[in-house]
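Colleague: kindly return the folded structure for what I paste below:
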Amino acid sequence: MIHYMKLGKVPRKPHTAFYEDGKLLMEHCHTREGFEGAYSILYYRVPPTDENAVEKLAIPGFCPFEPLAEQPLYRRHIMTGELKLKGDFLDARRVLLFNADVQMSMVKPTESSQRFFSNGDGEELYFVYKGSGRVESLFGVLPFRERDYVLIPRGTPYRIHWEGENPEFFVFEGTGFIDIPTEFRNRHGQITDYAPYSHRDFRVPETLLAHSEADHGKSPFKLVVKRADVLTVHQHEHFPYDVAGWDGCVYPYAFNIHDYQPKTGLVHLPPTIHTTFAGNNFVVCSFVPRKVDYAEGSIPCPYGHASVHMDEILFYVDGNFTSRRGIDTGSISLHPAGIPHGPHPGTYEKSIGTDRTSELAVMCDTYKQLKLTTVAHDIEDKDYHLTWVAKEGGGIDVPGAR
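Modeller: Numbering: from 1, shown residues only. This next block holds a predicted model:
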């Protein structure tokens, strides 16, 4: 999905006998789009089909989640700082916004987990809002740090491990795909030189995963699988991620938002110029510190906008957000299609002459309407829609904030 890589031992040709210490290893193809898309081939010491029990599981607020019954159309502000959760990276996950193409969740784990998770419904794009650690998967160990995006391919068993302060994540689950936009690749599949990043910016698993009783516990080993918005727990007698090696183009990877190379123009460019990842009917964009518009008389603060085709959310990460009254780090704003939105009163004119912005934020535009869950409604600023009703002159501008 980024480029071909190999980790560990693999035979000279696929689909041929491969032995380790006289034992035949089990070849396993991890594919996309049947056998038409990207794939990786792994070599297991114990077959991944070696499971001995399956049971159902429910984690209310994550799977299943409860949609808000009545959702009038207005601008919304969700304060994730008010969300108090506990448990491992699954128990402490809550869906806040959703449509048929994407679910957006907040994850605030307080406990480590010995169980692994595999999402059979879609790719997962984690944004590391707080903390650092490692993702352990059947593809190996991938370290992550604060402000990373971490992409987990669909159907990949993984778990999250950290040390120190409890992490927080904002997660996109793309039910179709999440990938590098096609316009950033040349016809050979290489990331182009005019893309906002290069192959060198993406980090991949560093080592294969080795079983540790201290970290992973004893048998049975549990894998939680999500498919059609239902969770099942699959139990294995043997550690199911004992892989001798693999190669291919499907695997988890990390990319830090500070490695994004933003574009600036003579006048204000629309926010999708900052597209970072693309999904089915949605894009994820990165707003990073940058120089702003430089033509004489340009207005760095965003113009008013009324999209008739796309909903827009913004997850505020860091910087000065006073052009949005009441917005703080960790806030999510939702500006739905059909309703104009723009800077708060007083911020538009004050931005003239500003040459830089310090904001850091993650944006997502979706074609299908986004709905709130009851969890999101419980931490919503109910008066946000009316905060534009004020006289000119208040607030300080943050160029580029939406």
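Colleague: report the rounded mean pLDDT for stretch 59-79.
Modeller: The pLDDT scores in stretch 59-79 average 94.
Colleague: contacts for it, please.
Modeller: The contact list for stretch 59-79 (CB atoms under 8 Å, 6 or more residues apart in numbering) reads 58, 90-91, 93-98, 103, 105, 226, 229-231, 326-328, 330-336, 338-339, 341, 371-377, 379-381, 384-385. Bear in mind the C-beta positions are built from the backbone N, C-alpha and C, glycine included.
Colleague: can you pull out the helices in the stretch 101-250 of the chain?
Modeller: 213-216 (DSSP state H, counting those that start in this stretch).
Colleague: just checking, residue 52 touches residue 234?
Modeller: No: judged on CB atoms under 8 Å, residue 52 makes no contact with residue 234 at a distance of 9.0 Å.
Colleague: so for those two, which sits in the more crowded spot?
Modeller: Taking neighbours as other CB atoms under 10 Å, residue 52 and residue 234 compare with residue 234 leading, 20 against 11.
Colleague: the more buried one and residue 145, how far apart?
Modeller: Remark: distance between residue 234 and residue 145 (CB to CB, to the nearest Å) = 31 Å.
Colleague: the contacts of stretch 59-79, buried ones only, as a ChimeraX selection?
Modeller: Selecting just the buried residues from these in ChimeraX takes one command, with 16 or more other CB atoms under 10 Å as the test:
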select :90,91,93,94,95,96,97,98,103,105,226,231,327,330,331,332,333,334,335,336,341,372,373,375,376,377,379,380,381,384,385
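Colleague: please flag which of the contacts of stretch 59-79 sit within strands.
Modeller: 93-98, 103, 105, 226, 230-231, 331-335, 371-372 (DSSP state E).
Colleague: quick one: low-confidence ranges for the protein?
Modeller: 301, 321-326, 346, 348-350, 353, 390-402 (pLDDT under 70).
Colleague: how about a cut-off of 80?
Modeller: 1, 265-266, 268-270, 291, 293-308, 320-326, 341-356, 358, 388-402 (pLDDT under 80).
Colleague: contacting residues for the residue most central in space within it?
Modeller: Nearest to the geometric centre of the chain sits residue 125, at 2.4 Å (CA atoms, centre = their mean). Residue 125 sits next to 149, 150, 151, 152, 171, 172, 173, 174, 178, 277, 284 when contact means CB under 8 Å, 6+ apart.
Colleague: need the buried ones from these selected in ChimeraX.
Modeller: Selection of buried members from the contacts of residue 125 for ChimeraX, criterion 16+ other CB under 10 Å:
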select :149,150,151,152,171,172,173,174,178,277,284
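Colleague: let me have the contacts of residue 125 in CSV, extended by distance to residue 5.
Modeller: Compiled in CSV, those are given as follows (distance: CB to CB, whole Å):
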residue, distance to residue 5
149, 18
150, 16
151, 14
152, 16
171, 24
172, 24
173, 24
174, 22
178, 19
277, 19
284, 23
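Colleague: of the contacts of residue 125, closest to residue 207?
Modeller: residue 150 (16.6 Å; CB to CB).
Colleague: my guess is the closest one contacts residue 126. True?
Modeller: Yes: the pair residue 150 and residue 126 qualifies as a contact (CB under 8 Å) at a distance of 4.2 Å.
Colleague: now list whatever residues contact both of those two.
Modeller: In contact with both residue 150 and residue 126: residue 144, using CB under 8 Å, 6+ apart.
Colleague: any idea what the closest residue to residue 172 other than its chain neighbours is bridged to?
Modeller: Nearest non-adjacent residue to residue 172, counting by CB to CB, 6 or more residues apart in numbering: residue 125, 4.3 Å away. When bridges are called by DSSP bridges, residue 125 pairs up with residue 151, residue 172.
Colleague: now the helices for the stretch 251-400 of the chain?
Modeller: Under DSSP H, counting those that start in this stretch, the stretch 251-400 of the chain gives helices at 347-350, 374-378.
Colleague: so residue 81 lies in a strand, does it not?
Modeller: No: counting by DSSP: H, G, I helix; E, B strand; the rest coil, residue 81 is not part of a strand but helix.
Colleague: any idea how many residues pack against it?
Modeller: 13.
Colleague: contact partners for the nearest residue in space to it that is not next to it in sequence?
Modeller: With CB to CB, 6+ apart as the criterion, residue 81 has its nearest non-adjacent residue at 4.5 Å, and that residue is residue 330. By CB under 8 Å, 6+ apart, the residues touching residue 330 are 79, 80, 81, 129, 168, 315, 316.
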